[in-house]
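Engineer: build me a structure from this.
(4 chains)
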Number of protein chains: 2
Amino acid sequence: MSDSTDVPWLSDDERHAWMALTAMLMSLPPAIDAQLKRDAGINFFEYQILSSLSDAPGHTVRMSQLAHLAAGSLSRLSHAVSRLERQGWVQRRNVDTTEARCVVAVLTDAGTAMIEATAPGHVREARRLVFDALTPEQVAQLEKIGRQLVMSAAPHLSNCLK
Amino acid sequence: MSDSTDVPWLSDDERHAWMALTAMLMSLPPAIDAQLKRDAGINFFEYQILSSLSDAPGHTVRMSQLAHLAAGSLSRLSHAVSRLERQGWVQRRNVDTTEARCVVAVLTDAGTAMIEATAPGHVREARRLVFDALTPEQVAQLEKIGRQLVMSAAPHLSNCLK
DNA sequence: CCAGCGCACTTGAACATTCAACAAGAAGGT
DNA sequence: ACCTTCTTGTTGAATGTTCAAGTGCGCTGG
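Structural biologist: This next block holds a predicted model:
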């Protein structure tokens, strides 16, 4: 009845850490989005789609794989790719092999130009928001902590971190 | 031309840390939301509103202050409070003092019951997702890192961490 | 006193995300 | 061959968030 899963209250240290964590979860994504929205008219999720495509051989990735890489649901991805397609940055194609139900997304030349123009500003913002604010030691700690939390919150994503 | 703000690329260590961080930013909020949605029909933002109200003297907080505590825009808060009002958990009131333009939100009895019923499950999930996955030392590191990142991404919020 | 400005908050429309339903190809058993 | 079931992906409606006005109070300078 009073085993460990039934004694839920947090210690002071834990409460303070929880507050810092949640504040970070609420403030960092909007900050990242703001720069991308302002400078490139896309959000972070769309950036990750374009970026994953641009890293892939042939600038081509299957939808289901792309959903993993961008860490979103297939439905969310499908809507987002539709938006990117409307801008001319991505194209959907049916693979001509045996697997007829598979769809791949391909980065267009315009999309390549777009992501290459956008990346430096995004990286600069990442540096400003995160790396300028932390010591190298903290960066290492953050990576470890991040991996472990992803493992507990979304195990299926942790392979993408490699 | 090549001063430090113009050399934007990340080192390998930084890139790995960035990937772990973003994966965490994308996976933790949905995991927290999922539990609250399933067990209480609210999202994390609404939980924080109710929880902040329940911690406040008189179960009463001004809208603008509440927006800070819940780490959202005033507009987002206003919409969210409208939803909570529709459920009977919160009431808006004009303060009867001199400041006629100020609005406060008050937690109702139903709202109090609701948040008290919901808190244990939420805390249990916080423990499962975060504290069970980290050492006490990492929890301390996370708090420090979180504070510093909030400071750089949303300075106006860092006072709420105290 | 009143004109102008800023603050606190609300509102509605545009936009993004989730959710549940659907379509259609593959795979496996009978 | 046929039925079932799983996987892959799309779609539209419901929900939530952002963005750009808009309202109304209070303050300050002329």
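Engineer: so who does residue A:24 touch?
Structural biologist: Neighbouring residues of residue A:24 by Cβ atoms under 8 Å, 6 or more residues apart in numbering or on different chains: B:145, B:146, B:149, B:150, B:153. Where you see a C-beta, it was placed from the backbone N, CA and C, and this is true even at glycine.
Engineer: same check on residue A:42?
Structural biologist: Contacts of residue A:42 by Cβ under 8 Å, 6+ apart are A:36, A:50, A:118.
Engineer: quick check, nearest of the contacts of residue A:24 to residue B:32?
Structural biologist: residue B:146 (14.9 Å; Cβ to Cβ).
Engineer: nearest spatial neighbour of that closest one, skipping sequence neighbours?
Structural biologist: Leaving aside its chain neighbours, residue B:146 sits nearest to residue A:20 (3.2 Å; criterion: Cβ to Cβ, 6 or more residues apart in numbering or on different chains).
Engineer: where's that neighbour relative to DNA strand C, distance?
Structural biologist: 23 Å (Cβ to the nearest atom of the strand, to the nearest Å).
Engineer: can you get me a residue count around that residue?
Structural biologist: When neighbours are defined as other Cβ atoms under 10 Å in any protein chain shown, residue A:20 has 22 of them.
Engineer: top helix in chain A by residue count?
Structural biologist: Longest helix of chain A, by residue count under DSSP state H: helix A:12-40.
Engineer: show me where chain A has helices.
Structural biologist: So, for chain A - with DSSP H - the helices run A:12-40, A:44-55, A:63-69, A:74-86, A:109-126, A:136-153, A:158-161.
Engineer: in CSV: those helices, plus mean pLDDT and distance to residue B:65.
Structural biologist: Below are the helices of chain A laid out as CSV (pLDDT from 0 to 100; distance: least, Cβ to Cβ, whole Å):
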stretch, mean pLDDT, distance to residue B:65
helix A:12-40, 96, 16
helix A:44-55, 98, 29
helix A:63-69, 96, 39
helix A:74-86, 98, 33
helix A:109-126, 96, 29
helix A:136-153, 97, 30
helix A:158-161, 78, 38
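Engineer: quick one: which of those is nearest residue B:79?
Structural biologist: helix A:12-40 (16.1 Å).
Engineer: those residues of chain A touching DNA strand C, which are they?
Structural biologist: Proximity of chain A to DNA strand C (Cβ under 7 Å from any atom of the strand) is limited to residues A:43, A:45, A:72-73, A:75-76, A:79-80, A:83, A:98-101.
Engineer: now, among the residues you listed, which is nearest to residue B:25?
Structural biologist: residue A:45 (11.1 Å).
Engineer: the closest one: neighbour count?
Structural biologist: For residue A:45, the count of nearby residues is 18 (other Cβ under 10 Å).
Engineer: same check, this time on residue A:68
Structural biologist: 17.
Engineer: confirm for me that it is in contact with residue A:157.
Structural biologist: Yes - with contact defined as Cβ atoms under 8 Å, residue A:68 reaches residue A:157; the gap is 7.0 Å.
Engineer: pLDDT at the closest residue in space to residue A:110 that isn't next to it in sequence, what is it?
Structural biologist: Leaving aside its chain neighbours, residue A:110 sits nearest to residue A:88 (5.1 Å; criterion: Cβ to Cβ, 6+ apart). pLDDT, residue A:88: 97.
Engineer: which one is the residue nearest the centre of chain A nearest to, not counting chain neighbours?
Structural biologist: Closest residue to the average C-alpha location of chain A: residue A:70 at 4.7 Å, with Cα atoms, centre = their mean. Closest residue in space to residue A:70, ignoring its immediate chain neighbours: residue A:48 at 4.3 Å, by Cβ to Cβ, 6+ apart.
Engineer: how far away is the residue of chain A found nearest DNA strand D from chain B?
Structural biologist: Closest residue of chain A to DNA strand D, Cβ to the nearest atom of the strand: residue A:64 (2.7 Å). Using Cβ to the nearest Cβ, to the nearest Å, one gets 17 Å for the distance from residue A:64 to chain B.
Engineer: who are the contact partners of that residue?
Structural biologist: Neighbour list for residue A:64: residue A:74 [criterion: Cβ under 8 Å, 6+ apart].
Engineer: near DNA strand D, which residues of chain A are found?
Structural biologist: A:30, A:34, A:37, A:62-65, A:74-75, A:77-79, A:81-82, A:92, A:101-104.
Engineer: that concludes my questions; thank you for your assistance.
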